[in-house]
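Chemist: based on what follows, work out the 3D shape:
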Amino acid sequence: MFYTITLYASLAIFGIGLVYKISAWFRYKIGRDARNISVSTRISAAIKGILSTLFSAKIGILLKVFILDVLLQTWLLRKDFVR
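Modeler: Next up is the predicted model:
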């Protein structure tokens, strides 16, 4: 029971933080050129970029990087075996 409650609480905190961070990416305008671009244009460009990566030949590279660098952390193994 305790583990279930803490799991859902941590997932809720994670979800709130993720939504906040993503909204901050699209709210803040950095630079002179960014002031002319609307939020909806930014969101549509982000969605187009994600979809074009997922449905292209780059999906193999994306999966390779995810497995080797994120899950297995081979970069850390190359740096120092004891870590």
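Chemist: next, count neighbours for the nearest residue to D69 once chain neighbours are set aside.
Modeler: Nearest non-adjacent residue to D69, counting by C-beta to C-beta, 6 or more residues apart in numbering: W75, 5.9 Å away. Every residue, glycine included, has its C-beta placed from N, CA and C. W75 sits with 10 neighbouring residues when counted by other C-beta atoms under 10 Å.
Chemist: in this protein, where's the longest helix?
Modeler: helix 2-27 (DSSP state H).
Chemist: low-confidence stretches in the protein?
Modeler: By pLDDT under 70, the low-scoring segments of the chain are 81-83.
Chemist: what's the residue nearest to D69 sitting at in phi/psi?
Modeler: The phi/psi pair for W75 (degrees, to the nearest 10) reads phi -60, psi -40.
Chemist: state the distance from it to I59.
Modeler: Distance of W75 to I59, given as C-beta to C-beta, to the nearest Å: 21 Å.
Chemist: over to V70?
Modeler: Distance from V70 to I59, by C-beta to C-beta: 15 Å.
Chemist: ok, F2 next?
Modeler: 40 Å.
Chemist: repeat that for L77.
Modeler: L77 is 25 Å from I59, by C-beta to C-beta.
Chemist: then K79?
Modeler: 28 Å.
Chemist: and for T74?
Modeler: 20 Å.
Chemist: now R35
Modeler: 34 Å.
Chemist: ok, those two, which is more surrounded?
Modeler: I59 (11 against 8).
Chemist: which residue, other than its chain neighbours, is closest to that one?
Modeler: T53 (7.3 Å).
Chemist: just give me the neighbour total for the one you found.
Modeler: Using other C-beta under 10 Å: T53 sits among 13 other residues.
Chemist: can you classify it as helix, strand or coil?
Modeler: Each residue gets one of three states, and T53 gets helix by DSSP: H, G, I helix; E, B strand; the rest coil.
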